[in-house]
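Q: I need the structure of the sequence given here:
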Amino acid sequence: MAGKYNLQTDKGDIPIDIKFSEPSFFDVFGFKLLSGNAQSLANNPSTLFLTESTAEKIFGRSSALGQTVRFENLGSYTVGGIIQDPPLRTHLPVEAMLSINAAKMLEKEGAITDISQNWEQFKSSAVYARLKSEDNLSQLNSTLQNYNRKLENSNLQFMAQPVEDITPGNKDIKNDPNVGTTWESITIILSLILALTFLSAFNYISLALARAVSRAQEVGIRKTLGATRGQLIGQFLTEATVIAVLALILTVPCVSFLMDHIPDLEVTFSWDIILISGLLAYAVITGLVAGALPSWILSAFKPIQALGKLKNVKLFRTVSFYKILVIVQFSVVILLMIQVVMLADYEIKNHEIINSTVSPNVLTLDLKGEEYENLQNEINRLSQVEMTLATNWYHKPMQIGKSSVTFSDKILEMDYVSIDPKTIETEGISLKRGQNFPEDIPRSSEQYVLVNEAAAEFLEPDSEKIVGQNLLLDSAYVQVIGIMPNEIIDEQRPLIYRYLPNEISTLIIKTKPNTELAATKAIQSLWNNNFPEKTANLHNLKEQHYSGASSGDRIGLFGGLALIVFIIAGLGILGVASYSVEIRTKELGIRKVLGAGRIKLVWTATRNFGILMLIAGLIGVPAAFFVGDLIRQDLGSNLVNLSFINISIGFGLVAILGLMIVLSQTIRAGQIKIVKVLKAE
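A: This is a model prediction of the structure:
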C-alpha cells in the first residue's frame, strides 16, 4: 500500500510517498535501519520511518529522530527510525513508512480509501512471501487459487511471481510502475550501442588506413629484420585494443559526471567484478574488431613495396563504402541538428510570449477542495491585491476535466476547464466570435459554454456556425455562446470553457508591484484563519508553471545525440579525407607542375566532400521535416516552425563544421612538395 501525501511545513507542502508495511519488510528485502527498531512499526501506529534522503529534505542537517510531523488528512506522526538509502535502484522505492495498523486506522477514519478489504483495489497492494524452498512454489500457487474472485467486469486469478522476474519489467503487468525498463527497451538500447560501436570501429579503420603510408616504412623495416606477419598482426591488434581500453577508462569519469549533473538520468550501478569484466570484454572485443582489417592489410605489405612506391598503391579499389557511411552519419547529424535549432527557436518564441502575457505579480493558491468564497473576499480586501480570479484556466489550463459531448449525432470525449467569467475581461482576451458569459450567470445550473478555435473546428467544419448551437454535455444541454482564441501558451487542444464554481481548484491573485512578499504573508495568515488544518500552497505563477522549459528535455536529447553522432561522423570523414589526400598525392603533384595554385589544389581535394555534404542534406532535411512534424503534433503548438531559416541554420552548422574537419586534411594539398612526390617515379 502506498501513495503521495502532503507533509505540512512552514514553507508549504512537501509531497512524500508513504509505504504502509510490516516490521518483516526489513528482514525480507534487506533494507537497513540506521536508527530505530523495526518492531515499533507494529507496536505504535503513530511511528514514522524516513529514509536518509527524505529526512534531509525535511529537516536538513538537524536530527529527525523524535521530531513530530503532520500530513494533510492523515494527522501527526513521530519519527522513530531512519532507513538507509539503498545503494542501487529498487522496485520498492521508499521515502517514508507507516505500519499496516496505521493504514487500517486511517481507513476507519475515512482519511484514506478503504482498500485492504476491497478486491476491486487489488492493484494498490502487494503481498510478498519468503519460501523455505523453491519446491514450495507450486504449493503456494495452488493455495492462491483459493483466493480467486469474480468481480463485476472481470475475474481475478492470483499467481506468485519470483522477485528476480520483477525487473526488467513485463509490459503486460500494469500495476508495477517502479520495475524500471523492459526487455524491449533493453534490446533497443543494446542495438543503438552496437550500431554506434560499429560506426566507431569503421572510423578507426579509416583512420588507421589513412596512416598506412606513414607506417609503411615501419612495416618494411620490421619484416626486413625478420618479423613475421603474425607478429605484425598481433602488434596492430594490441594497439587497437589498448586504444579501446583507454577509451573505456576515459569514459568512466564522464559517466560519473553525467550522473551527478543530470537529475533525470536515473542510472545507478555498483562496480562489481561482473560489471568490470563485462566492460573490459566489451572494450577488448571492440578493439579486436576495429583492428582486424587494418592489421591484416598493413601486415601484408612486402618490404620492397613498403620501402618504395607505397604512395602508388591503393589499399582499396574504391572508398565508396566509406563515402556512403559518411553520408549516412551526416544525414543523421543534420536531422538531429535541425531538431535542436527548431526546438531552441520554439523555446525562444514561447519565452517571449510568456513574458509579454503573464505578469510577474501573479500568485496561485491551491484551494485543496475547500469553499473559497469567504477567503476570496478577504483576500480582495488586502491593500496589496489588485484582483482575484477563481479559475482553473489562466492563459493555459491549470486543471483539466473530461466530458462526454454529443453534437450532430456524434458522441465525443473532450477536455474542459472551469473558468471565472471575469478572466476574459480582466486579461483583455478578444473572443473570435460570440460573447462572454453573462454577468448574471447562475452558479447552480450550467446553461452556457465557450469553446476555443480548435474545439469549434473539431465539432463543426464550418466553425463559425457552432455559436448558438446546443450541445449535450454529459447529461445536460448547454449553448455555445462564444469562441475563444487558441492557447498561445502550452499545448493547443480542443477545449471547452465552463463555469463550474464547485470544481474550482485554484485562486489566481494579482498583486500590486513590489508587494508580493507582504501579500504572501497576509494571504497565508488568512488561509490559516480559515483552514487551520491545511497548509497554504501559494506560489508565484510564473516561477511555478513557466520556469521550466517545456521542451528542454527534447533539446537535451537531440543535442546529446547530435553531439555523439557528429563526433563519430567527424572522425569518419577525417579518416576518409586523410586517406583521400594520401592516395591522390601524385595526381595533386602533377596538377601543381601544370600550374595549379594552392587554392585550386585544396578545392580539388575538398570538392568531393562538399558534394557528400549536399547529398547528406538531401537525405537529412526531408527526414527532419518528418520528425519535426511529429514533434509539432506532440507539443500541439504552431510555434514549432520548420522554416527555411531554421533548416538553413541546422544544415549550415553541420556542413561548416564537417568541411572544417575535411580542410584540416585537404589543406595539405596546397603544401605538396613536387620533388618529394615524384622522386619515387
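Q: pLDDT at residue 522, what is it?
A: On the pLDDT scale, residue 522 is placed at 92.
Q: the one 3 residues further on now?
A: Looking at residue 525, its pLDDT reads 90.
Q: what is the helix or strand hosting it packed up against?
A: Residue 525 is part of helix 516-530 when elements are defined by DSSP states H and E. When contacts are defined as 3 or more CB pairs under 8 Å, 6 or more residues apart in numbering; DSSP states H and E, helix 516-530 packs onto strand 362-366, helix 373-380, strand 506-511, strand 538-540. C-betas here are computed from N, CA, C, even on glycine.
Q: in that helix, what's buried?
A: By 16 or more other CB atoms under 10 Å, the buried positions in helix 516-530 come out as 516, 519-520, 522-524, 526-527.
Q: count of neighbours near residue 631?
A: 18 (other CB atoms under 10 Å).
Q: again with the one 3 residues further on
A: The number of residues packed around residue 634, counting by other CB under 10 Å, is 12.
Q: try the one 5 residues further on
A: Counted with other CB under 10 Å, residues neighbouring residue 639 total 19.
Q: before we move on, the earlier item: out of the helices and strands packed on helix 516-530, which is closest to residue 278?
A: Among those, strand 538-540 comes nearest to residue 278, with 46.5 Å by CB to CB.
Q: and for the closest one, what's in contact with it?
A: Strand 538-540 has contacts (CB atoms under 8 Å, 6 or more residues apart in numbering) with 12, 360, 362-366, 516, 520, 523-524, 527.
Q: which of the helices and strands packed on helix 516-530 has the lowest average pLDDT?
A: Among the helices and strands packed on helix 516-530, strand 538-540 scores lowest, at a mean of 86.
Q: that strand pairs with which strands?
A: Strand 538-540 has the following strand partners under DSSP bridges: strand 362-366 (antiparallel).
Q: for residue 246, give its distance to residue 565.
A: 22 Å (CB to CB, to the nearest Å).
Q: out of these two, which sits in the more crowded spot?
A: Comparing residue 246 with residue 565 by other CB under 10 Å, the one with more neighbours is residue 565, at 22 against 12.
Q: next one: the helix or strand hosting the more buried one to chain centre, how far?
A: Assigning secondary structure by DSSP H and E places residue 565 in helix 552-583. Here helix 552-583 is found 23 Å from its chain centre; the criterion is CA atoms, centre = their mean, to the nearest Å.
Q: average pLDDT for that helix?
A: Here the average pLDDT along helix 552-583 is 76.
Q: now the element after it, going C-ward?
A: helix 585-593.
Q: what angle do that next one and helix 552-583 make?
A: 70 degrees (axes from the mean of the first three to the mean of the last three CA atoms, to 10 degrees).
Q: count of neighbours near residue 282?
A: Residue 282 has 14 neighbours, counted by other CB under 10 Å.
Q: sec struct for it, please.
A: helix (DSSP: H, G, I helix; E, B strand; the rest coil).
Q: next up, the contacts around it.
A: Here residue 282 is in contact with residue 248 (CB under 8 Å, 6+ apart).
Q: now do it against residue 224, distance only.
A: Taken as CB to CB, the span from residue 282 to residue 224 is 37 Å.
Q: could you export the helices and strands packed on helix 516-530 as JSON lines, including mean neighbour count and distance to residue 328?
A: As requested, the helices and strands packed on helix 516-530 are exported to JSON lines (neighbours: other CB atoms under 10 Å; distance: least, CB to CB, whole Å):
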{"stretch": "strand 362-366", "mean neighbour count": "22", "distance to residue 328": "49"}
{"stretch": "helix 373-380", "mean neighbour count": "16", "distance to residue 328": "61"}
{"stretch": "strand 506-511", "mean neighbour count": "22", "distance to residue 328": "50"}
{"stretch": "strand 538-540", "mean neighbour count": "17", "distance to residue 328": "48"}
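Q: now these as TSV including distance to residue 485?
A: Listed next are the helices and strands packed on helix 516-530 as TSV, based on distance: least, CB to CB, whole Å:
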stretch	distance to residue 485
strand 362-366	20
helix 373-380	27
strand 506-511	19
strand 538-540	25
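Q: so for residue 602, which of those sits nearest?
A: Here strand 538-540 is closest among the helices and strands packed on helix 516-530 (CB to CB), at 57.5 Å.
Q: can you give me the helices in the stretch 201-350 of the chain?
A: Along the stretch 201-350 of the chain, counting by DSSP state H, counting those that start in this stretch, helices occupy 212-224, 229-261, 273-299, 303-306, 320-357.
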